[in-house]
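*Asks:* Everything below, folded, please.
(one chain, ligands or ions: 2)
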Amino acid sequence: MPSAPDTLQVSLPMHSYPIFIGSRSASLLAKELRARCSARRATIITDAHVGPTYADTLVTALQCEGFAASLLTIPAGESSKSLCMAAELYDALAELQHRRDEPIIALGGGVIGDLAGFVAATWHRGVPFVQCPTTVEADIDAAIGGKTGVNHPAGKNLIGAFHQPLLVSIDLDYLDSLPTRDFVAGLAESVKHGISLDTQFLEWHEANVAAILRRDREALQLLIHRNCQIKASVVTQDEREAGRSADVGRAALNFGHTVGHALEAQSQYALRHGEAVSLGIIAALDIAVRRLGLPNGERQRCEELLGSLGLPTRLESPVDADVLLERMAADKKNLSPGSRSKGPQGIRFVLTPELGQLEWFMPQVADIRAALDYLGK
Ligand SMILES: NC(=O)c1ccc[n+]([C@@H]2O[C@H](COP(=O)([O-])OP(=O)(O)OC[C@H]3O[C@@H](n4cnc5c(N)ncnc54)[C@H](O)[C@@H]3O)[C@@H](O)[C@H]2O)c1
Ligand SMILES: [Zn+2]
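*Replies:* Ligands and ions are numbered 1, 2, ... in the order given. Below you'll find the predicted structure:
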């Protein structure tokens, strides 16, 4: 028998939903979905790495609860997070005559969660949606909070919508088959939460590197639980990243992502999201050392942790700083509201003057260049 799942709640003004963390979870997902949805059919969207191993069990569990389940499988990888792929999925939904009361279930990593979520947000102006994440990245970050979207050649996540799921069902069993590189990449978001929001959690990572890397169940359960708590709490306080100017709000989650997203797009997604975030965290710490008095030893400490988890701490090949600065400036999230500057002079960061504390800071372009140089050393 599957053990009772650990349950957390995301409490939002208009829509609250549970996060279940457990194992052998397909039947629980189907039961909980049935309790919230009376439709007779559901569509699962998955990718070619995940579907062949895990979709059948989910289809059977859904059938047991009276849902006729259709399966749409797309190619794996960040390049599927596109408007083209969304259009292919709309065609498939049209063929299935997927109705507005019928749920879409995302079975996969953050790519599937973001893409299927975007399709669910827009098909019939929004159909019920379930997140069934299968990577560390998606368990602890992408599946929670309702941000959905696709990439545009001009940048990451430029097209998107907020669409909260009915429920999130996390299953530790899925992580057994996750390739090491993807497993490790997801840990960057966990370290991000520790550095920026919870130094006790940071210390926990430092003390548990070996257990995390051997995917010890207890360690993973704790890691996922704490990250979900942190993400749920940030999202609850600032659902739509309204973040008033003095208040970092949901933008706390963007720590390390200003440089990270630019590097990820610049590598044409050869870097995993988490790998780019690891480098972005180090760039953000470097600027904080230069400009906000963060002790050098703290930067060192965080670099050591990221490195010991197997995350990159230095660029493998040089990057064109001008192109990266332009990418950062093109992302409007990186510019202050009301800022007149549209260029690299107006790029703002969330930074840590101390570990566990965040504030907005607009560095000089020279500071960002220096941080990129540091990553290249
Ligand atoms: N919406 C948000 O709030 C949010 C937050 C963080 C990240 N993201 C997005 O998430 C994406 C990255 O997510 P990701 O790292 O999960 O990438 P991903 O979805 O591409 O998954 C990584 C790889 O692992 C494979 N995979 C997934 N689960 C598996 C399993 N259980 N066993 C074997 N292989 C498996 C996938 O097919 C893929 O090849 C990025 O696009 C990022 O922008 C979104
Ligand atoms: Zn991220």
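
*Asks:* chain center to stretch 278-297: distance?
*Replies:* On the basis of CA atoms, centre = their mean, to the nearest Å, stretch 278-297 sits 22 Å off its chain's mean C-alpha point.

*Asks:* Roughly how far does the one residue sitting closest to the centre of the chain sit from Leu355?
*Replies:* Central residue of the chain (CA atoms, centre = their mean): Ala142, 3.0 Å from the mean position. Distance, Ala142 to Leu355, by CB to CB, to the nearest Å: 24 Å. C-beta here means a position set from N, CA and C on the backbone, and glycine is covered the same way.

*Asks:* which one is Leu306 nearest to, not counting chain neighbours?
*Replies:* In this structure, Leu306 finds its nearest non-sequential neighbour in Ser278, 5.0 Å apart by CB to CB, 6 or more residues apart in numbering.

*Asks:* which residues touch the one you found?
*Replies:* Listed by CB atoms under 8 Å, 6 or more residues apart in numbering, the contact set of Ser278 reads Ala188, Val191, Gly256, Gly260, Leu306, Leu311, Pro312, Thr313.

*Asks:* Would you verify that the last one is located in a helix?
*Replies:* No - note on Thr313: no helix contains this position according to DSSP: H, G, I helix; E, B strand; the rest coil, which reports coil.

*Asks:* what pLDDT does the residue nearest to the centre of the chain get?
*Replies:* The confidence metric pLDDT takes the value 96 at Ala142.

*Asks:* do the one 4 residues further on as well
*Replies:* At Gly146, the model reports a pLDDT of 96.

*Asks:* re the thing from before, in a helix, the residue nearest to Leu306, correct?
*Replies:* Yes - assessed by three-state DSSP, Ser278 belongs to a helix.

*Asks:* any idea how far it is from Pro312?
*Replies:* Distance from Ser278 to Pro312, by CB to CB: 6 Å.

*Asks:* which residues are common contacts for those two?
*Replies:* Leu306.

*Asks:* Looking at the strand or helix carrying Val259 now, give me its mean pLDDT.
*Replies:* Val259 belongs to helix 257-266 when elements are defined using DSSP states H and E. Helix 257-266 carries an average pLDDT of 94.

*Asks:* now that helix, how far from the chain's geometric center?
*Replies:* 14 Å.

*Asks:* same deal with stretch 254-272?
*Replies:* Distance, centroid of stretch 254-272 to centroid of chain: 13 Å (CA atoms, centre = their mean).

*Asks:* How about stretch 207-216?
*Replies:* 21 Å.

*Asks:* got the buried residues for that stretch?
*Replies:* Buried residues in stretch 207-216, counted by 16 or more other CB atoms under 10 Å: Val209, Ile212, Leu213.

*Asks:* Could you provide these in CSV, with additional columns for pLDDT?
*Replies:* As requested, these are exported to CSV (pLDDT from 0 to 100):
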residue, pLDDT
Val209, 98
Ile212, 98
Leu213, 98
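
*Asks:* can you redo these as TSV with distance to Tyr174 and secondary structure?
*Replies:* What follows is the buried residues of stretch 207-216, written out as TSV (distance: CB to CB, whole Å; DSSP: H, G, I helix; E, B strand; the rest coil):
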residue	distance to Tyr174	secondary structure
Val209	22	helix
Ile212	16	helix
Leu213	18	helix
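
*Asks:* so which of those residues comes closest to Val150?
*Replies:* Ile212 (30.9 Å; CB to CB).
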